[in-house]
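Visitor: here's a sequence, model it:
(chains A and B)
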There are 2 protein chains.
Amino acid sequence: MRTSIATVSLSGSLTEKLTAAARAGFDGVEIFENDLLASPLTPEEIRARCADLGLTVDLYQPMRDIEAVPDDVFARNLRRARHKFELMGRLGADTVLVCSSVSPQAVDDDALAARQLAELAELAQDFGIRVAYEALAWGRHVSTYDHAWHIVEQAGHPALGTCLDSFHILSRSSDPKGIEDIPGEKIFFLQLADAPLLGMDVLQWSRHHRCFPGQGGFDVTGLVRHVLRTGYDGPLSLEVFNDVFRQSEAGPTAVDAQRSLLVLKESVGLAEPPAPVVPTGVAFAELLTPDAEPVAAVLSALGFARTARHRGKPVDLWQQGQARVLVNTGGAARREGVQLAAIGLESPDPAAAARRAEALLAPVLPRRRAPEDAPLDAVAAPDGTELFFCGAPSNWRGDFEDVPHTPAATSVTGVDHLALTQPWHHFDEATLFHRSVLGLDPQPSVDVADPYGLLRSRAVTNADGSVRIALTVGAAPGDDTVHDRHIALATDDVVTAARRFREAGGRLLPVPANYYDDLAARFDLTDGELETYRELGILYDRDAGGAFRHCYTRTVGRVFFELVQRDDGYRGYGAPNAPVRLAAQHAVRAVTGG
Amino acid sequence: MRTSIATVSLSGSLTEKLTAAARAGFDGVEIFENDLLASPLTPEEIRARCADLGLTVDLYQPMRDIEAVPDDVFARNLRRARHKFELMGRLGADTVLVCSSVSPQAVDDDALAARQLAELAELAQDFGIRVAYEALAWGRHVSTYDHAWHIVEQAGHPALGTCLDSFHILSRSSDPKGIEDIPGEKIFFLQLADAPLLGMDVLQWSRHHRCFPGQGGFDVTGLVRHVLRTGYDGPLSLEVFNDVFRQSEAGPTAVDAQRSLLVLKESVGLAEPPAPVVPTGVAFAELLTPDAEPVAAVLSALGFARTARHRGKPVDLWQQGQARVLVNTGGAARREGVQLAAIGLESPDPAAAARRAEALLAPVLPRRRAPEDAPLDAVAAPDGTELFFCGAPSNWRGDFEDVPHTPAATSVTGVDHLALTQPWHHFDEATLFHRSVLGLDPQPSVDVADPYGLLRSRAVTNADGSVRIALTVGAAPGDDTVHDRHIALATDDVVTAARRFREAGGRLLPVPANYYDDLAARFDLTDGELETYRELGILYDRDAGGAFRHCYTRTVGRVFFELVQRDDGYRGYGAPNAPVRLAAQHAVRAVTGG
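Guide: Numbers count the residues shown, from 1 in each chain, chains lettered A, B, ... in the order given. Below is the predicted model:
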């Protein structure tokens, strides 16, 4: 099935939009009128540009406020339409979108609407053009898809059909089952958009908060199934108005859009990319740093031992329990010091995991970094983080040569979760990527108050919690550089782990005394327990499933570590404590200037 | 009447918040619990800090999910409350906010709620504390102010009163008249917030989109009038949750907050700042530039003549009709070239205008720039733009010495409007400033699509349109530097003005041919008229009152000029054409790299 995207969904000039759409593999585009008006290219040049790029012009849109008006107004509307039909001829577009009227001049008269739409279609037919009539969710008299279809049916003109738009249908909670009552050949076009369930004015919702299928809360898949049952064989086309996408680069947005359609196609049986291979554990986290010393000091204090060194590159393996951290001093030196740049995920079938990632448009990284390395399947996440799919440890561990070391202290048993700050424009994209490419389940999104802005955070996990990744983004671009990434280490005894860390010279993040007064008010903790937490800076949370005790190291470069003691049943990540942690980190930064 | 502000309304650490509130002249603060928890200061230190700053601690907030619960749960809640009352003693706070419960454990039983609140108040009284019970708009069983008051009345405890919050009341469209039925001494606290009328889920609306009184769409003034009639004599306190304010600097936000209260006090008769003196015209616009040549070339081509030079400084006066542009090469050289940095407004009483501005917290600029200059009343707008209040031309024109010149071409008759791009954080602030300080009327806000993001634009004008200022802001901080300011020049004949400009070597912004094809479809313009517009790059708009014809010069530094022919009845600024103009500017920039 062909894929298409409306130019309004992407940022930039029309040329930039077309290029991005073609590079992301779309077959066609909807040309949004304002994009054409603002373009210095003539319609003929746009047509040629599309042809050069392998894009068809699937739709010209929108025509507004056409139908159900007094005759003199309609005569003017027809005149306007004739101009647009001439333009569409030059552009090579054979379908036009007509939105249900929002004009105060429109009357509530289906027969009149049908008669005038038939007349419009008659004119269109002379130009070889088809008219696709769509109900806007906020149309003045026509606001539901079945109403629009009823008018199209009444008009009975071969050049008149309907356009279905998942946003307009699902935002009104219309039952999409009725779509199956429409003959497929009368569905001239299908526009797809998802949206978060915001419960706000539908016009504002539509204009600012649409997103790509799978990024929001609508059952777009279910709707598409109904449409396919009608025999519809036009394109699946994305039309998304989104304040963030308007500002982000067209290229990555188009790739993300195409990925969302691939996933949608898979879910309705139109495509069969390689099945997801859900990771079963975290093999390693890799830190890039120009200078290993500061991070080595923290790892040592945490009880890690430097157990091995890469045979060909300046990469050290630090290990404790099942937690492994690679410290790579070979990358280009980064001004800001230590960065969490790559993750190794244990996979039952690394090659298949990589094939799925590639099929879903993740850039594949070279399989070998050096000729002598074991081949490792790896892709880049949308934020640039490198994801390595690791099978048996021999897969990658063989590239490392053991070095003599004192066995680790084993306070830490493994990795509890990885917290990956995302660039501002990539939050929805990151969630969709981790869900669709890696097969992880997104958890509910939470807002977290930082002293200098609100953050959004959302975890993606596998079923048994052995892989947990917390994706976090600031409320605005300004926050991009403020928030660091971290590695949360699992321990069975956070008090001992914290104490050992401190005794080994490690510095824990100080937590204000007021926090502990509040803990005392909220929870029945013994005085001794509370005093211990207060002394070490351990934070505490509890849900129906159990308790969560955690503390943080000071930040090194752009990375810090968390020690986590999690009761089996506890589901979260200590979000209620995040504002206190963030404030403490700002306070340290203010003092150290770091 | 005392003013207060909740610490959650400001960004930063608690110390930063308190300092900002004190500097902006607040008498007290509400301490938001999370701000205290995240602070390294002890309650005693916070108390001392407030005292040093001259701030009282008017409220500790919030306590949640206290009432209408089973006895064992209530016992735990009382235990929690006791901890908080002890804390409040250390903090020096004598009133606590209790929000109506949202807990699933709460039952719909007013008598139980009243009994438990009375018990809470009894405990509070032992600590010398008063309990202010407030209905959250999304409270589980209690969501309206009259319901909350009914429960307080039923409880009948002297240490229990109600807290009114304008957001919770007005967001539910409750009639605030009933407030007058509450005895003033039982209103323990009054929290004020405004909000844009968004028609969205009330919890999200409250948490992200509150703003200061006068910045939104609620009748906060009317509500306060009702409260005052009860005899309430507590503070007017601001409690605003706003995603933007969370990110902006606390200092300016606090000043803006205080200004909003001053305006509110004025409107309810609690304060009498000097009355507004509405400006009657634009005396001049002042450009700062390190090099006069590029802007002089554009002004010359537009038909301006350099008519005078400042006696003591490198400032030239360029004039044509009633349009005057000062070109100042004396300021610190700016990397980005020409900037629109100051505006002269004609005022019937400049000194009074400046007194009002000062009373409403606008920074007053030195009256004389040099000893020999005429004294000029001037203040800084929130964005740093200097506003000069000018009386008779002799006020300032005397500082300039005529220079020989050829009389201007007089295509231009005056200034139609000034377009001032605002820093991202200052849009609501700018509107409130121009309305309250200058007495200008805000027009409806419009969204404008730029190729790389959405802009918001809002004009403020005087009654006869002789002063029109368009305030524009990007959708996110990233847009700050993208959009330049401009001076729109009025002409009776934009075609002649544009032609003369071009013939004099001026370069107009090119407008795509597609735009004119669309004009032909939308309007009945003669072929000749359309051809002329197309040739010159003149844009066209029409509303019920008449037509608007306009074109743009290329940008010089960070400034460009618009030529405007406005029919008397036309109310707008050509907003439908703005996307085309913005795209054309981006296209020029992409070619010239400028």
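Visitor: could you see whether chain B lies near the helix ranked longest in chain A?
Guide: When chain A is parsed with DSSP state H, its longest helix is helix A:71-91. Yes - interface with chain B: helix A:71-91 contributes A:Arg79, A:Arg80, A:His83, A:Lys84, A:Leu87 (Cβ under 8 Å from any Cβ of the partner chain). For the C-beta atoms, the positions are set from N, CA and C on the backbone; glycine is no exception.
Visitor: ditto for stretch A:579-587
Guide: Yes - for stretch A:579-587, a contact with chain B is found by Cβ under 8 Å from any Cβ, at A:Pro579, A:Val580, A:Leu582, A:Ala583, A:Ala584, A:His586, A:Ala587.
Visitor: who wins on neighbours among those residues?
Guide: Counting neighbours by other Cβ atoms under 10 Å in any protein chain shown, A:Ala583 leads the residues of stretch A:579-587 next to chain B with 26 neighbours.
Visitor: what's stretch A:47-63 in contact with?
Guide: For stretch A:47-63, contacts defined as Cβ atoms under 8 Å, 6 or more residues apart in numbering or on different chains pick out A:2, A:4, A:6, A:15, A:18-19, A:21-22, A:26-33, A:41, A:46, A:80-81, A:84, A:87-88, A:90-93, A:95-99, A:132, A:189, A:234-235, A:237.
Visitor: give me the mean pLDDT for that stretch.
Guide: Across stretch A:47-63, the average pLDDT comes to 98.
Visitor: start and end of that stretch, how far apart?
Guide: Distance across stretch A:47-63, first residue to last, is 20 Å (Cα to Cα, to the nearest Å).
Visitor: how about the residues of the stretch 101-250 of chain A by chain B?
Guide: A:Leu198, A:Gly199, A:Met200, A:Asp201, A:Gln204, A:Arg207, A:His208, A:Asp243, A:Arg246, A:Gln247.
Visitor: now list the buried members of those.
Guide: Among these, the ones that count as buried by 16 or more other Cβ atoms under 10 Å in any protein chain shown are A:Leu198, A:Met200, A:His208, A:Arg246, A:Gln247.
Visitor: helices of the stretch 301-450 of chain A, start to end?
Guide: Along the stretch 301-450 of chain A, the stretches classed as helices by DSSP state H, counting those that start in this stretch are A:350-359, A:394-397, A:427-436.
Visitor: export the ones you listed as CSV, with columns for mean pLDDT.
Guide: Below are the helices of the stretch 301-450 of chain A laid out as CSV (pLDDT from 0 to 100):
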stretch, mean pLDDT
helix A:350-359, 95
helix A:394-397, 80
helix A:427-436, 91
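Visitor: just say which of those helices is most tucked in.
Guide: Most buried of the helices of the stretch 301-450 of chain A, by mean neighbour count (mean count of other Cβ atoms under 10 Å in any protein chain shown): helix A:427-436, with a mean of 24.
Visitor: mind giving me the packing neighbours of it?
Guide: When contacts are defined as 3 or more Cβ pairs under 8 Å, 6 or more residues apart in numbering or on different chains; DSSP states H and E, helix A:427-436 sits against helix A:250-267, strand A:441-442, strand A:453-461, strand A:468-474.
Visitor: and chain B, is the last one touching that?
Guide: To tie it back to what came earlier, the one meant is strand A:468-474. No - using Cβ under 8 Å from any Cβ, strand A:468-474 never reaches chain B; the gap is at least 8.6 Å.
Visitor: right, and the helices of the stretch 301-450 of chain A - which one's nearest A:Tyr516?
Guide: Closest of these to A:Tyr516 is helix A:427-436, at 33.0 Å (criterion: Cβ to Cβ).
Visitor: could I get the phi/psi values of A:Gly161?
Guide: Here the main-chain torsion angles of A:Gly161 (degrees, to the nearest 10) amount to phi -140, psi -170.
Visitor: ugh, wrong one, A:Asp201
Guide: For A:Asp201, the backbone dihedrals (degrees, to the nearest 10) come out as phi -50, psi 130.
Visitor: tell me who's in contact with the residue nearest to it when sequence neighbours are not counted.
Guide: Take A:Asp201 and drop its neighbours on the chain: the residue closest to it by Cβ to Cβ, 6 or more residues apart in numbering or on different chains is B:Gly199, 3.9 Å away. Shown in contact with B:Gly199 (Cβ under 8 Å, 6+ apart): A:Met200, A:Asp201, A:Gln204.
Visitor: now the first one: how far from B:Arg172?
Guide: Between A:Met200 and B:Arg172 the distance, using Cβ to Cβ, to the nearest Å, works out to 16 Å.
Visitor: same thing with the last one?
Guide: In this structure, A:Gln204 lies at 20 Å from B:Arg172, with Cβ to Cβ as the measure.
Visitor: least confident secondary structure element in chain A?
Guide: In chain A, no helix or strand scores lower on mean pLDDT, DSSP states H and E than helix A:394-397, which sits at a mean of 80.
Visitor: how is chain A divided into domains?
Guide: Chain A resolves into domains spanning A:3-267, A:281-402, A:412-592 when parsed by automatic domain parsing.
Visitor: any idea how far the longest one is from the middle of the chain?
Guide: Distance of domain A:3-267 from the chain centroid (Cα atoms, centre = their mean, to the nearest Å) equals 24 Å.
Visitor: please apply the same query to stretch A:577-589.
Guide: Here stretch A:577-589 is found 27 Å from its chain centre; the criterion is Cα atoms, centre = their mean.
Visitor: mean confidence for it?
Guide: For stretch A:577-589, mean pLDDT rounds to 93.
Visitor: is the nearest residue to A:Ala308 once chain neighbours are set aside in a bridge, and if so with what?
Guide: Closest residue to A:Ala308 apart from its sequence neighbours, by Cβ to Cβ, 6+ apart: A:Phe400 at 3.8 Å. Assessed by DSSP bridges, A:Phe400 has beta-bridge partners A:His310.
Visitor: I'd say A:Phe400 and A:Lys313 touch.
Guide: No - the pair A:Phe400 and A:Lys313 does not pass the contact test of Cβ atoms under 8 Å, sitting 10.0 Å apart.
Visitor: for chain B, see how far away the spatially most central residue of chain A is.
Guide: Note on chain A: the residue nearest the mean C-alpha position is A:Glu429, at 1.9 Å, using Cα atoms, centre = their mean. Here A:Glu429 is placed at a distance of 17 Å from chain B (Cβ to the nearest Cβ, to the nearest Å).
Visitor: contacting residues around that residue?
Guide: Counting by Cβ under 8 Å, 6+ apart, A:Glu429 touches A:Gln215, A:Pro252, A:Thr253, A:Asp256, A:Pro382.
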